[in-house]
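Q: below is the structure, and that's it, no one-letter string:
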Ligand code: DCB
């Protein structure tokens with residue numbers, strides 16, 4: 001990445017090149033080394049990682065810089081394993097305040113964290129993610145903060161920091177490498193198949209967001225109505241053109257959402273076959289395109305509660321998708337299905353979105369990008385108080401399961417719309433939040449009053465015959481397209497009527 005900027009700078013002028021050369025010469029790009037433990041009473045070595053942002057080559061010689069180190073301050077034997085207290089010291093030597101930061105540290109498999117202060121921790125495989133929270137998260141310029149935790153490891157370790165993220169931006173040398181890897185200049189944009197004439201896409205073209213409203217190429221309000229697949233890895237047979245055509249012609253739908261789980265079994269980041277999953281997306285995108293339907297590529301986080309947990313993979317994935325489908329006016333990107341657990345808007349989701357959006361924008365200047373919201377995509381009120389700024393064509397998800405989510409979530413939607421937040425109902429069903437249990441059609445009606453009176457777009461969960469209430473196809477029916485009404489579940493019949501406007 002910085003190499004490209006070099007090239008650009010060379011074109012811009014010798015002075016800028018000299019400035020960068022000077023900056024690199026003093027080592028501001030990346031420094032990494034060891035230093036003495038800051039606590040003389042400890043017996044373990046301290047490791048310092050210095051990570052700096054790229055020099056700001058555009059305006060002045062303003063160089064942001066952070067210094068992060070991790071060191072132990074005491075260890076003990078813990079039934080043959082090693083327990084230790086770890087401190088993470090973050091110095092904000094940049095000239096701007098920091099509001100969120102986290103680091104990744106390589107640890108041996110089987111490491112467990114007992115308690116922490118000023119941060120939360122999560123061990124996944126060999127990666128320990130330490131996220132500053134509460135008093136640890138905001139670090140004013142010039143300030144140093146120390147957070148800590150106790151961890152048990154199978155063997156004694158000298159921890160070292162592999163990545164630093166500040167306000168959603170990766171800061172260390174590997175960041176350049178990751179971005180370089182995620183660079184998609186060698187990906188040829190796929191040629192878009194011509195949609196049939198008279199299709200939704202032919203009639204409405206590239207969509208945009210105006211205020212809270214989705215509008216078509218002519219600026220007229222437009223509502224997307226359709227279905228979401230179940231997990232692509234679990235129900236790949238429904239990703240076919242005939243199925244989508246049934247949704248278009250028999251149901252009156254104009255959008256299909258392709259749900260790709262990231263962390264459940266067979267997920268993109270949890271052992272799933274990446275090439276196979278991308279091939280399914282390609283099948284789905286091209287089928288929808290030939291039918292002139294809109295299609296959402298959904299990075300379906302769920303078990304991985306916080307989008308930043310698999311952020312590195314998401315960066316590469318969306319770089320690749322947006323390069324490949326740059327010529328497709330009908331592709332929408334949904335970048336994090338349902339953040340939950342401890343994932344907050346300010347601390348995780350917004351910084352994540354502010355990283356992913358520019359990656360997509362690099363290839364696709366105006367695609368609709370749909371951003372998940374806290375608490376399984378329910379807290380649109382929180383987002384409305386602090387939306388992403390400086391970006392166009394961004395929408396935010398509200399998801400509901402009518403037997404669980406009622407007035408209080410609808411009130412959030414009304415509040416958010418009043419504040420000007422564009423909302424997309426990219427997933428919902430009529431039953432409870434597990435995707436199962438009895439439907440509450442009374443609550444579902446209330447939801448659709450709200451949806452239709454505000455012209456909100458929606459996708460119903462899910463196009464599958466799984467033996468659960470939210471599946472649109474009866475579990476006894478194995479047809480993967482061309483369903484008779486009698487082959488639809490109670491949910492399927494109700495949703496079909498809704499989309500048809502009956
Ligand atoms: C969402 C998820 C979606 C999930 C449905 C129903 O989760 F985005 O992935 O789908 O809503 O729960 C279910 C499938 C099951 C599958 C399971 C995998 O229907 O067949 O086995 O995913 O985990 C929500 C939505 C809301 C809430 C909780 C969940 N909530 N959740 O409000 O508590 O925990 O899955």
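A: Cool, the structure landed. Here the structure is a predicted model, which is why all the values come from computation and not from measurement. Numbering: from 1, shown residues only.
Q: now the strands for the stretch 151-300 of the chain?
A: Using DSSP state E, counting those that start in this stretch, the strands of the stretch 151-300 of the chain run over 161-166, 169-170, 208-210, 213-215, 225-231, 255-261, 294-300.
Q: quick one: distance of the last one to the chain centre.
A: Put plainly, it is strand 294-300. With CA atoms, centre = their mean, to the nearest Å as the basis, strand 294-300 stands 11 Å off its chain's centre.
Q: contacts for the following helix or strand past that strand?
A: Following strand 294-300 in sequence order, the next helix or strand is helix 311-324 (DSSP states H and E). Contacts with helix 311-324, where a contact means CB atoms under 8 Å, 6 or more residues apart in numbering, come from 163, 165, 170, 178-179, 181-185, 187, 189-190, 262, 268-269, 278, 281-282, 297, 299, 307, 331, 333, 335-336, 352, 355-356, 359-360, 362-364, 367. Placement of C-beta: from N, CA and C, glycine included.
Q: what average pLDDT does the helix or strand that helix 311-324 is followed by get?
A: Next helix or strand after helix 311-324 toward the C-terminus (DSSP H and E): strand 331-334. Rounded to a whole number, the mean pLDDT of strand 331-334 is 98.
Q: do the same with stretch 147-158
A: Mean predicted confidence for stretch 147-158 is 90.
Q: my guess is residue 455 is in a helix, correct?
A: No - secondary structure of residue 455 (DSSP: H, G, I helix; E, B strand; the rest coil): coil, not part of a helix.
Q: name all residues that make contact with it.
A: Contacts here follow CB under 8 Å, 6+ apart; on that basis residue 455 touches 213, 214, 221, 223.
Q: phi, psi for it please.
A: With angles defined as degrees, to the nearest 10, residue 455 sits at phi 60, psi 40.
Q: and it, how close does it get to the ligand?
A: From residue 455 across to the ligand, the span is 23 Å (CB to the nearest ligand atom, to the nearest Å).
Q: and for residue 398?
A: Distance, residue 398 to the ligand, by CB to the nearest ligand atom: 11 Å.
Q: wait, that residue touches residue 372, no?
A: No - checked against CB atoms under 8 Å, the pair residue 398 and residue 372 is beyond contact range at 9.9 Å.
Q: so which of the contacts of residue 455 is surrounded by the most neighbours?
A: Within the contacts of residue 455, residue 214 tops the neighbour count with 23 neighbours, counted by other CB atoms under 10 Å.
Q: so what's it scoring on pLDDT?
A: So, for residue 214, pLDDT stands at 98.
Q: repeat that for residue 187.
A: Here, the pLDDT recorded for residue 187 equals 85.
Q: phi, psi for it please.
A: phi -80, psi 120.
Q: and the gap between it and residue 363?
A: In this view, residue 187 and residue 363 are 9 Å apart by CB to CB, to the nearest Å.
Q: what's the answer for residue 348, then?
A: Residue 348 is 24 Å from residue 363, by CB to CB.
Q: of these two, who's got more company?
A: Neighbour tally, residue 348 and residue 363, criterion other CB under 10 Å: the higher count belongs to residue 348, 25 against 20.
Q: enumerate every residue touching that one.
A: Residues in contact with residue 348 (CB under 8 Å, 6+ apart) are 100, 131, 306, 307, 308, 339, 342.
Q: biggest separation within the contacts of residue 455, which pair?
A: Using CB to CB, the contacts of residue 455 reach their maximum pairwise distance at 213 and 223, which is 9.4 Å.
Q: rewinding a little: need the strands of the stretch 151-300 of the chain in CSV (columns: distance to residue 140).
A: As requested, those are exported to CSV (distance: least, CB to CB, whole Å):
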stretch, distance to residue 140
strand 161-166, 13
strand 169-170, 18
strand 208-210, 35
strand 213-215, 39
strand 225-231, 43
strand 255-261, 39
strand 294-300, 33
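Q: worst mean pLDDT among those strands?
A: Least confidently modelled of the strands of the stretch 151-300 of the chain is strand 169-170, at a mean of 80 by mean pLDDT.
Q: might you enumerate the residues of this structure proximal to the ligand?
A: Taking CB under 6 Å from any ligand atom, the part of the chain that reaches the ligand is made up of 264, 302, 337-338, 376, 401, 404, 427, 433-435, 461, 466, 468, 470.
Q: quick one: average pLDDT of the longest strand belonging to the chain?
A: In the chain, taking DSSP state E as the definition, the longest strand is strand 65-78. Summarised as a single mean, pLDDT over strand 65-78 is 86.
Q: now do that strand against strand 161-166, angle only.
A: Here strand 65-78 points in a direction 130 degrees away from that of strand 161-166 (axes from the mean of the first three to the mean of the last three CA atoms, to 10 degrees).
Q: tell me the SS of residue 399?
A: Residue 399 is classified as strand under three-state DSSP.
Q: surely residue 297 touches residue 260?
A: Yes - counting by CB under 8 Å, residue 297 touches residue 260, with 7.5 Å between them.
Q: residue of the stretch 101-250 of the chain nearest the ligand, please.
A: Among the residues of the stretch 101-250 of the chain, residue 230 lies closest to the ligand, at 6.5 Å counting by CB to the nearest ligand atom.
Q: pLDDT weak spots in the stretch 301-450 of the chain?
A: Of all residues in the stretch 301-450 of the chain, none has pLDDT under 70.
Q: my guess is residue 144 meets residue 90, correct?
A: Yes - in this structure, residue 144 is within contact of residue 90 by CB under 8 Å, at 6.8 Å.
Q: and the two? Which one has more around it.
A: Using other CB under 10 Å as the criterion, residue 144 and residue 90 rank with residue 90 on top: 26 against 11.
Q: okay, and the beta partners of residue 78?
A: Beta-bridge pairing of residue 78 under DSSP bridges involves residue 81.
Q: quick one, longest helix in the protein?
A: Ranked by number of residues, the top helix in the chain under DSSP state H is helix 274-290.
Q: just how off-centre is that one within its chain?
A: With CA atoms, centre = their mean as the basis, helix 274-290 stands 19 Å off its chain's centre.
Q: tell me the helices and strands packed up against it.
A: In terms of contacts (3 or more CB pairs under 8 Å, 6 or more residues apart in numbering; DSSP states H and E), helix 274-290 is packed against helix 241-249, strand 255-261, strand 294-300, helix 311-324.
Q: helix, strand or coil for the residue in the stretch 351-500 of the chain positioned nearest to the ligand?
A: Nearest residue of the stretch 351-500 of the chain to the ligand (CB to the nearest ligand atom) works out as residue 435 at 2.7 Å. Under three-state DSSP, residue 435 falls in the coil class.
Q: list the contacts for the closest residue to it other than its chain neighbours?
A: Leaving aside its chain neighbours, residue 435 sits nearest to residue 470 (4.3 Å; criterion: CB to CB, 6 or more residues apart in numbering). If you count contacts by CB under 8 Å, 6+ apart, residue 470 has them with 401, 429, 430, 431, 435, 436, 461, 462, 491.
Q: tabulate these (a markdown table), appending neighbour count.
A: Converted to a markdown table, the contacts of residue 470 look like this (neighbours: other CB atoms under 10 Å):
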| residue | neighbour count |
| --- | --- |
| 401 | 27 |
| 429 | 28 |
| 430 | 28 |
| 431 | 23 |
| 435 | 17 |
| 436 | 16 |
| 461 | 26 |
| 462 | 26 |
| 491 | 23 |
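Q: between those, which is closest to residue 478?
A: Closest approach to residue 478 among those (CB to CB): residue 462, at 16.1 Å.
Q: which element is that closest one on?
A: strand 457-463.
Q: parallel or antiparallel, which strands does that strand pair with?
A: If you go by DSSP bridges, strand 457-463 pairs up with strand 225-231 (parallel), strand 423-429 (parallel).
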